[in-house]
Every structure is written in structure tokens, then in C-alpha cells.
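A.B. asks: generate a structure from the sequence data that follows.
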Amino acid sequence: QARQAVSPTEFLFPAAEPVKTDLTREERIYGLLKLWFVLTRFFPGVVYATPGWPETMKNFIPRVEAASDLRQYYDALIEWTASLNDSHVALMPGTPRPQAFVPALLGYVEGKVIVLGVASGAGDIRKGDEVIGIDGRSILTIESEWRQRISSSTEGAIRWCYTFLPLAGRPGAGARAAAP
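C.D. replies: Next up is the predicted model:
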């Protein structure tokens, strides 16, 4: 006898919660506790996290309480989850920062961030240039900041992230490159 296939549309999921732009202190703490519970109970990768990771949640309670806006709240959660050391973990805030992007493809080559390709509007940046800074900040500074915010399982995973993410900056900001 043939069995009927199950479609995901047949599952009953709870209705999506409306997106809020302003959270109370209690809602922020609840969000942190809810994330902690789900990750410690249902996330198998927690065994690869920084040693003692589940206990680090208590260090973030004051930051979550003190968050004056949604951006600060998400920043605290993002920094906390970065120490999970798993490339599958990413928190995407509902209110992204306004950004502009350099129209270039970067790659990590021999310890340097190199321009692998450019599109129109890239200004003086050329294929083969080494990118040494963006928006007045060195690549080393950007890498250090992103390491605290990106959960990655390997060095290759973090390098993949920070060769693309530093392309973001303020509209009208500049990227510094050194000729090869």
C-alpha cells in the first residue's frame, strides 16, 4: 500500500511573534535566558564551545539589562554566542546598521586580504591590491572586532567571514589599499 508523503505545510507551528523595536528590561533578560536554554538543551555543538560556556550567560545579564536600545541588546547576544565556536551560529538583528559596500571581491592570501576582482564603482582599487584598512580602521582591527562577534569552528571559517564582512562601512567612507 502506497504511503502519502508528508508536506511541511501540514505541520502546525506557532504564529510568528510580531517584531518589536523596543524591549523592556524583562523581555531582554527573558530573551537571553530563552537563548541559553535552547542552546544548552538542544544544540549539540555546545560541547565544542569555549570551556564553561553555559556558565558565561550570567556575565551577560548586566549587559542585557543595561542595553539602552535593540542594537546594544543584540550586540551583547552576538558577542556571547561567538564563543560557541560554531560556524552555524549567527544572530541577525532585525535593525541592521546602514552600510555601504566596496564593489570588490576579497580573498585571504598568504596572511593578507587581497582584491581578487573589482566591479564598476571600485574607484582606484585594483585586482591584486592588498587591502590594509577600511573606513579609517586597519584590517587587523577589523579582524579583532569580528573575531569577538562571529562564531566560527575553524580558522578557515573565520577567514572566510572577515574577507567579506569588512567590505561594509559607512556610505562615502574610503578603503585603503597598498599596491602589490
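A.B. asks: which other helices and strands contact the host helix or strand of Gln72?
C.D. replies: Element membership for Gln72 (DSSP states H and E) is helix 70-82. Helices and strands touching helix 70-82, by 3 or more Cβ pairs under 8 Å, 6 or more residues apart in numbering; DSSP states H and E, are helix 25-42, helix 57-66. (Glycine included, C-beta is placed from N, CA and C.)
A.B. asks: mind listing the strands for this protein?
C.D. replies: 100-101, 104-109, 112-118, 130-134, 137-138, 168-169, 175-178 (DSSP state E).
A.B. asks: returning to what we had before: gap between the helix holding Gln72 and the chain center?
C.D. replies: In this view, helix 70-82 has its centroid 10 Å away from the chain centroid, taken as Cα atoms, centre = their mean, to the nearest Å.
A.B. asks: hey, C-alpha coordinates of it in CSV?
C.D. replies: Output in CSV follows, covering the C-alpha atoms of helix 70-82 (Å, rounded to 0.1, in the frame of the first residue of the first chain):
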residue,chain,number,x,y,z
LEU,A,70,17.9,47.0,20.5
ARG,A,71,21.3,47.3,18.9
GLN,A,72,23.1,47.1,22.3
TYR,A,73,21.0,44.1,23.2
TYR,A,74,21.8,42.2,20.0
ASP,A,75,25.5,43.2,20.3
ALA,A,76,25.6,41.5,23.8
LEU,A,77,23.9,38.4,22.4
ILE,A,78,26.2,38.2,19.4
GLU,A,79,29.3,38.5,21.5
TRP,A,80,28.1,35.9,23.9
THR,A,81,27.2,33.4,21.1
ALA,A,82,30.5,34.0,19.3
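A.B. asks: now what about that helix, what contacts it?
C.D. replies: 21-23, 28, 31-32, 35, 39, 56-57, 60, 63-64, 66-67, 89, 91, 93-95, 97, 147-151 (Cβ atoms under 8 Å, 6 or more residues apart in numbering).
A.B. asks: now do the buried residues in it.
C.D. replies: 70, 73-78, 80-82 (16 or more other Cβ atoms under 10 Å).
A.B. asks: residues touching Leu23, list them.
C.D. replies: 31, 70, 73.
A.B. asks: do the same with Leu105
C.D. replies: With Cβ under 8 Å, 6+ apart, Leu105 has these contacts: 115-118.
A.B. asks: how about Lys112?
C.D. replies: Glu130.
A.B. asks: tell me the angle the helix holding Gln72 makes with helix 57-66.
C.D. replies: 170 degrees (axes from the mean of the first three to the mean of the last three Cα atoms, to 10 degrees).
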